[in-house]
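# Below is the sequence, then the predicted model.
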Amino acid sequence: MAPTTSSDARLNPFEIAQRQLDEAAALLKLDPAVHELLRWPIRELHVTLPVKMDDGSTKIFHGFRVQYNDARGPTKGGIRYHPQETIDTVRALAAWMTWKCAVVDIPLGGGKGGIICNPKELSPGELERLSRAYIRQIGRIIGLEMDVPAPDVYTTPQIMAWMMDEFSFLRGYNEFGVITGKPLALGGSAGRGDATARGGIYCLREAGKALGINLKNATTAIQGYGNAGSFAHKLGVELLGLNVVAVSDSKGGIHNPAGLDYEQVMKHKDKTGSVVGFPGAKAISNEELLELDVAVLVPSALESVITAANAGRIKARFSVELANGPTTPEADAILYKNGVYVIPDFLCNAGGVTVSYFEMVPNAYDYYWEESMVHERLDKKMTAAFHAVHKTAQEHKVHNRLAAYLVAVSRVAEAVRLRGWA
Ligand code: GLU
């Protein structure tokens with residue numbers, strides 16, 4: 001990541017999440033006790049995991065599960081495997097999950113989990129033993145009615161399957177609904193795979209309409225080519241006719257002003273492990289990709305990539321935040337001043353958890369929905385959430401992230417008040 005001297009780069013993600021909430025609380029004139037309650041996770045578990053490695057040694061891993069707020073329902077949120085995972089990253093992500101479920105108005109709270117590890121250095125057997133060890137520890141605080149994990153950065157449907165299996169053995173019966181993002185054969189939902197990107201593309205479609213901007217052939221750059229970023233490429237082209245000219249992953253980026261073909265890029269990535277080196281495209285860095293002169297920018301990698309140091313150089317008209325926390329508060333102010341229309345993370349990427357909810361419901365009564373129904377209901381949820389946020393931003397003359405906070409925090413605060421917690 002580019003070195004930066006700005007003050008915001010020193011903030012950790014949880015401090016950023018708290019600052020964002022503080023700003024919303026002031027505007028909402030939130031009761032001070034409700035505000036203070038919402039600044040902190042309700043509970044968290046730190047776990048230490050011994051795992052037998054393939055070479056016969058035992059390695060000790062550390063992990064977390066944070067349940068941020070369950071006023072509106074069981075906590076919900078993914079599990080990240082990342083070498084730079086920290087408890088504060090997980091706390092921030094758990095807070096954002098709380099606002100995410102509230103902004104799309106699904107009856108769930110927010111949570112998040114993480115293990116400090118580099119999954120790229122683990123064999124499939126080691127990965128399975130690590131995942132099962134994690135569930136043996138956090139199994140005591142998760143369950144369909146308590147807290148329901150899901151995939152996130154570097155975790156997959158296969159990992160969800162192992163986790164569900166381990167949990168079911170702990171309980172002594174199958175509990176498919178303990179975790180979402182499972183393979184279809186084990187109670188997964190049709191449409192969960194591309195749901196995060198699909199929800200974001202629906203939001204962009206609505207933003208184009210709201211601003212009267214035609215998105216057909218709009219030049220697009222996508223940072224991050226995991227689940228969210230790669231499906232944003234596919235669906236952006238399929239549903240809106242975007243012209244994706246640049247994409248990147250952790251190893252670097254590629255740029256071709258004539259456009260990049262999704263199938264070809266995917267084939268290259270599957271073969272080589274990266275988008276880098278794609279024939280006919282020019283190599284660019286992740287930092288350069290963010291500053292390209294494109295209509296649509298899609299940050300879909302990690303936190304804090306748009307900071308006070310580079311926000312002034314962002315030229316896109318739309319920033320479609322499929323990543324969690326890609327923009328710091330200082331950068332938000334700069335983007336707003338410069339007229340960049342940000343579709344903020346916990347609104348933009350809420351499609352994933354929304355379809356997770358559409359997985360939990362059939363898991364509870366063992367009757368599954370067709371993909372067309374999932375798409376239709378997801379579209380309804382995302383469109384309603386987008387317009388609630390857009391309208392609030394116009395009414396209060398604030399940027400979209402703050403507007404999304406106003407919508408989400410007032411819903412969670414109402415639940416807290418009605419329950420008599422504060
Ligand atoms: N990890 C995804 C997110 O950050 C999905 C969470 C879920 O489905 O519970 O929204």
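Structure's in. What do you need?
# Output the residue of this structure whose distance to the ligand is smallest.
Nearest residue of the chain to the ligand: Gly78, at 2.8 Å (Cβ to the nearest ligand atom). Using the backbone N, CA and C atoms, a C-beta is placed for each residue, glycine as well.
# these two touch, right, that residue and Ala150?
Yes - counting by Cβ atoms under 8 Å, Gly78 does reach Ala150; the two are 4.5 Å apart.
# got any residues that touch both of these two?
Gly181, Gly352 (Cβ atoms under 8 Å, 6 or more residues apart in numbering).
# Quick check: pLDDT value at Glu303.
Confidence at Glu303, expressed as pLDDT, is 88.
# Can you pull the phi/psi pair for the closest residue to it other than its chain neighbours?
Of all residues not flanking Glu303 in the chain, Gly325 sits nearest, at 3.8 Å (Cβ to Cβ, 6 or more residues apart in numbering). Backbone geometry at Gly325, expressed as degrees, to the nearest 10, gives phi 70, psi 30.
# and what of the one 4 residues further on?
Phi and psi for Pro329, reported as degrees, to the nearest 10, are phi -60, psi -40.
# give me the number of residues near it?
Pro329: 18 surrounding residues under other Cβ atoms under 10 Å.
# dump the residue contacts of it.
Counting by Cβ under 8 Å, 6+ apart, Pro329 touches Asp8, Leu11, Ile16, Arg19, Gln20, Glu23.
# residues making contact with the helix or strand containing the last one?
Mapping Glu23 onto the secondary structure by DSSP states H and E places it in helix 13-28. Judged by Cβ under 8 Å, 6+ apart, the contacts made with helix 13-28 from elsewhere in the structure are 8, 11, 30, 35, 38-39, 88-89, 91-93, 95-96, 303-304, 325, 328-329, 396, 398, 401-402, 405-406, 409-410, 413.
# Out of those residues, which end up buried?
By neighbour count, with 16 or more other Cβ atoms under 10 Å, the contacts of helix 13-28 hold 8, 11, 30, 35, 38, 88-89, 91-93, 95-96, 303-304, 325, 328-329, 398, 401-402, 405-406, 409, 413 as buried.
# I'd like to know how far Lys100 sits from Leu347.
From Lys100 across to Leu347, the span is 8 Å (Cβ to Cβ, to the nearest Å).
# ditto for Glu330
Counting by Cβ to Cβ, the gap from Glu330 to Leu347 is 20 Å.
# Please say which of these two ends up with more neighbours.
Neighbours per residue, other Cβ under 10 Å: of Glu330 and Leu347, the larger number sits with Leu347, 29 against 19.
# isn't the more buried one right up against Phe386?
Yes - between Leu347 and Phe386 there is a contact under Cβ under 8 Å: 6.7 Å.
# picking up where we left off before, could you count how many residues lie near the residue of the chain closest to the ligand?
Residues near Gly78, counting by other Cβ under 10 Å, number 25.
# hmm, back to that, and the contacts of Pro329 near the ligand, which?
Counting by Cβ under 6 Å from any ligand atom, nothing from these sits close to the ligand.
# dump the residue contacts of the residue of the chain closest to the ligand.
Contacts of Gly78 by Cβ under 8 Å, 6+ apart are Leu93, Lys112, Gly113, Pro149, Ala150, Pro151, Asp152, Val153, Thr155, Gly181, Gly352.
# Can I take it that it is in a strand?
Yes - applying DSSP: H, G, I helix; E, B strand; the rest coil, one finds Gly78 inside a strand.
# Setting the sequence-adjacent residues aside, check what's closest to it.
Asp152 (2.9 Å).
# Give me the subset of the contacts of helix 13-28 that lies in helices.
The helices, defined by DSSP state H, take in 35, 38, 88-89, 91-93, 95-96, 329, 396, 401-402, 405-406, 409-410, 413 from those.
# which among the residues you listed are in contact with the ligand?
Of these, not one also sits near the ligand (Cβ under 6 Å from any ligand atom).
# In the stretch 1-150 of the chain, where is pLDDT below threshold?
Across the stretch 1-150 of the chain, residues meeting the criterion (pLDDT under 70) sit at 1-10.
# Give me every residue in it lying close to the ligand.
Within the stretch 1-150 of the chain, the residues that sit near the ligand (Cβ under 6 Å from any ligand atom) are Lys76, Gly77, Gly78, Lys100, Ala150.
# burial of the fourth one, as a residue count?
I take that to be Lys100. With other Cβ under 10 Å as criterion, Lys100 counts 28.
# Please pull up the helix or strand immediately following the helix or strand harbouring it.
Using DSSP H and E, Lys100 falls within helix 87-103. Going down the chain from helix 87-103, the next helix or strand is strand 110-116, by DSSP H and E.
# Pairing partners for that next one, with directions?
According to DSSP bridges, strand 110-116 has the following sheet partners: strand 58-69 (antiparallel), strand 75-82 (parallel).
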